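Engineer: Got a predicted structure here, sequence first:
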Amino acid sequence: MERFHLNNATFACIIFLFLLLFSSSNNNNNICEAKCFKSIISFGDSLTDTGNIFNLSEKSECWLKPYGETFFHQPTGRCSDGRLIIDFIAESLGLPLVPPYIGRENVTSINFRQGVNFAVAGATALNQSILEENGIHNPQTNVSLGTQLTWFREMLSTLCQSTSECKDFLKNSLILFGEIGGNDYNFPFLFGTPTQMVQSMVPLVINTIGQVINEVIELGAETIIVPGNLPIGFKSAIVACCGKGPNQPCRPNDHVCDDPSTFVSWDGLHPTEAAYKWIAQGLISGPFAIPHINGLCNFRVSTI
């Protein structure tokens, strides 16, 4: 795999993931035995959040039943019936499930050496002030990608005592950037913002994400996954397993389908664990990432 130079010999291996609709694969070789990464660091929104939103706001339905019923058998703050893509990647690398950064008393900087998740459900790429200037309100959280970058810098200050130590830590970490940016469009559309105005925001959203990625690279990150759009598929890509329809989260008394694994949509807003697993397998073993994570591990081991 080739590496390219950025900013005075800062190396970066950015995997652009075009998550398109492919035929389902039966390839179960999703274990990267090389354990080539020592940590996973994640930024993003509800597609990646493993509990930050609950610790920031008790209004989150993702901490209520039936969320989490499939794998954890209880709510964990994940906005799905079970595991997310980040969970399957962690499992494939032999790492523990990535803990949320906010609010867990038993999570210390020592735990963060194997992974930390800054993603927050409802988070946007753009700062809230920019959204408000354009008449857009985020009803869920005021956390943006910039907020998560600030947390990331704070976390680094507790983990390493020098710039070189931080660079070494990040060099051996897999960085997941999202999905992030979808809510910058979801919220405007939800409140009736004209399509033309939403389209005008696209370059600003992209530039914001790019700037944060560059800052993380400058700090020492070498391997970054930047997701694209989610695919569709499964038995039903429109009908949700739980909830009352689009933009309506699943609540404790709502009817839940008998078999979430046959649905792509869990609650009309978020995929099911089965959908996340399908996507994760495509990232870990291909074809949704070039190089796929297993292939990337093989490359890293061969160059050590």
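Structural biologist: Looks like it came in fine.
Engineer: What separation is there between Tyr185 and Leu126?
Structural biologist: Counting by C-beta to C-beta, to the nearest Å, the gap from Tyr185 to Leu126 is 11 Å. In this view, the C-beta of every residue, glycine as well, is placed from N, C-alpha and C.
Engineer: For the two, indicate the residue with more neighbours.
Structural biologist: Legend: neighbour count by other C-beta atoms under 10 Å for Tyr185 and Leu126, higher for Leu126 (24 against 19).
Engineer: Am I right that the more buried one falls within a strand?
Structural biologist: No: Leu126 is assigned coil when assessed by DSSP: H, G, I helix; E, B strand; the rest coil, not a strand.
Engineer: contacting residues for it?
Structural biologist: The contact partners of Leu126, by C-beta atoms under 8 Å, 6 or more residues apart in numbering, come to 144-145, 184, 201, 204-205, 208.
Engineer: Could you measure from it over to His270?
Structural biologist: Between Leu126 and His270 the computed distance is 21 Å (C-beta to C-beta).
Engineer: And Leu149, by the same measure?
Structural biologist: Distance, Leu149 to His270, using C-beta to C-beta: 24 Å.
Engineer: Those two: who's more crowded?
Structural biologist: Taking other C-beta under 10 Å, Leu149 and His270 do not tie; His270 has more neighbours (25 against 18).
Engineer: Around the nearest residue to the more buried one once chain neighbours are set aside, how many other residues sit close by?
Structural biologist: Distance criterion C-beta to C-beta, 6 or more residues apart in numbering; nearest residue to His270, sequence neighbours excluded, is Cys79 at 4.5 Å. Close neighbours of Cys79, defined as other C-beta under 10 Å, add up to 29.
Engineer: wait, is Cys79 part of a helix?
Structural biologist: No: under three-state DSSP, Cys79 sits outside any helix and is assigned coil.
Engineer: returning to that earlier point: closest to Asn134 out of the contacts of Leu126?
Structural biologist: Nearest to Asn134 among the contacts of Leu126 is Met201, at 7.1 Å by C-beta to C-beta.
Engineer: and the residue lying closest to that closest one once chain neighbours are set aside, what is it in contact with?
Structural biologist: Leaving aside its sequence neighbours, Met201 sits nearest to Asp184 (C-beta to C-beta, 6+ apart; 6.3 Å). Asp184 makes contact with 124-126, 131, 201, 205, according to C-beta under 8 Å, 6+ apart.
Engineer: Three-state assignment for Asp279, please.
Structural biologist: Not quite, residue 279 is Ile, not Asp. Relying on three-state DSSP, one would call Ile279 helix.
Engineer: ok, the spatially closest residue to it that is not a sequence neighbour to Val256 distance?
Structural biologist: If the residues on either side of it in the chain are set aside, Ile279 comes closest to Ile85, at 5.7 Å by C-beta to C-beta, 6+ apart. Ile85 is 22 Å from Val256, where distance means C-beta to C-beta.
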